[in-house]
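S.K.: Sequence and predicted structure below; questions after.
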Amino acid sequence: MAEPLIFCENLIKIYQIGDLEVLALQGLEFSVNTGEMVGIVGVSGSGKTTLLNVLGGLVRPSAGQVIINGHHLLKLSDHALNRYRRTEVGFVWQQGARNLIPYLSALENVQFPMTLGGTFGREARERAKSLLEMVGLAERMDHYLQALSGGEQQRVAIAVALANNPSLLLADEPTGELDSVTAQTIYDALRELNRQLGLTILIVSHDPQLARQVDRVVAIRDGKTATETVRAQQKTGAENDDSEVEQFEELTMLDSAGRLQLPKSYREALHIGDRVQMELRDDGVVIRPVRREQRGTEETAVSPPASPSTKNETQSPRRPWLRWWRR
Ligand code: ADP
Ligand code: MG
């Protein structure tokens, strides 16, 4: 199989604020193939923005591995990381205007980073035009920022992010300030770029419908990837009906050491503390809460001998068969 474009293993990010340490990414594992369009969800504070900033080279991870398009981000010098950021990634933020210069037209906004990247004149102009066409703004190229709607500004921002032909587009809540109809125009523009350019795209969003827009959705919980939602096309099941209904399947992710998270809601519903019983069956693995009385016997069974005399194995209550053997 081909190498993934993004590969993160045991990724850790600790922010240090004075004496306080905030563990934002706690051993996150995540891969994305070239040409995939992946959604990222998670409650506020779960580490989504930190992950995007790490992938974009804006924040240095504390430990682990991040390899993107062959670049080991933890090993890059500051200079190399700057170059990586300029050439390999494009960013789109929640506020479209943050990505744009108000006194330039849409077309000039897209051309501007090209001149910084060394592409000028006709070549830059043609490329900027084709990007604006791809995001559906062929008719709006000469408009200034204030003459564009929020959704249009955000689409210009996407074209700006792609000016220097990055291999990866990172979008942090790009539809956060838009109504659902306008948000759809953003998703459509991103999908178009994904198809036409084979661009790899990561989108952080709170949109509950995100799974319909992307190839898969990864949920982050407490700084780790927890679940993945994938599309599962299924026949309607009705007789003489060959059409398919869109269905989604949520899968729990295991990390490279086989660890998985039990959601808090499951733990609370079953009063699960810090131990469970796990049972391998023919068709799966069953995880059960430990019953109180079981824990009691378990604890007496492993408690240390009460007096030195019980060190003698023949008297150990845990080995009745030994007593019989030595009789
Ligand atoms: P999300 O985007 O999912 O809301 P973030 O990545 O912004 O989550 O934040 C993850 C955790 O890291 C939170 O506890 C947040 O307070 C903390 N955090 C984020 N950025 C910083 C920073 N620059 N300095 C200190 N703590 C931060
Ligand atoms: Mg965020």
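M.R.: Okay, I see it. Ligands and ions are numbered 1, 2, ... in the order given.
S.K.: Which positions in this structure make contact with ligand 1?
M.R.: Tyr15, Ile17, Val22, Ala24, Gly42, Ser44, Gly45, Ser46, Gly47, Lys48, Thr49, Thr50 (CB under 6 Å from any ligand atom). For every residue, glycine as well, the C-beta is placed using N, CA and C.
S.K.: what's the burial count for the second one?
M.R.: This means Ile17. For Ile17, the count of nearby residues is 7 (other CB atoms under 10 Å).
S.K.: I'd like the mean pLDDT over stretch 249-268, please.
M.R.: Stretch 249-268 shows a mean pLDDT of 91.
S.K.: Stretch 49-63 now?
M.R.: Mean predicted confidence for stretch 49-63 is 96.
S.K.: How about stretch 188-200?
M.R.: On average, stretch 188-200 scores 95.
S.K.: Could you give the separation of it from the chain centroid?
M.R.: Computed by CA atoms, centre = their mean, to the nearest Å, the chain-centroid distance of stretch 188-200 equals 19 Å.
S.K.: low-confidence ranges in this protein?
M.R.: 1, 96, 234-237, 292-327 (pLDDT under 70).
S.K.: By residue count, which helix of the chain is the longest?
M.R.: In the chain, with assignment by DSSP state H, the single longest helix is helix 180-197.
S.K.: After that one, which helix or strand is next?
M.R.: Using DSSP states H and E, the helix or strand that follows helix 180-197 towards the C-terminus is strand 200-204.
S.K.: which strands and helices sit next to that following strand?
M.R.: On a contact count with 3 or more CB pairs under 8 Å, 6 or more residues apart in numbering; DSSP states H and E, strand 200-204 meets strand 37-41, helix 48-55, strand 168-172, helix 180-197.
S.K.: picking up where we left off before, same list (the residues of the chain next to ligand 1) but as a markdown table, adding distance to Leu104.
M.R.: Formatted as a markdown table, the residues of the chain next to ligand 1 follow (distance: CB to CB, whole Å):
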| residue | distance to Leu104 |
| --- | --- |
| Tyr15 | 35 |
| Ile17 | 37 |
| Val22 | 38 |
| Ala24 | 35 |
| Gly42 | 35 |
| Ser44 | 34 |
| Gly45 | 36 |
| Ser46 | 36 |
| Gly47 | 35 |
| Lys48 | 30 |
| Thr49 | 27 |
| Thr50 | 31 |
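S.K.: Which entries within these meet the buried criterion?
M.R.: Ala24, Gly42, Ser46, Gly47, Lys48, Thr49, Thr50 (16 or more other CB atoms under 10 Å).
S.K.: Show me the two of those residues that sit farthest apart.
M.R.: Ala24 and Gly42 (11.6 Å; CB to CB).
S.K.: Closest one of the buried ones among the residues of the chain next to ligand 1 to ligand 2?
M.R.: Distance to ligand 2 across these (CB to the ion) is lowest for Thr49, with 3.2 Å.
S.K.: If anything else comes up later, I'll come back, but that's it for now.
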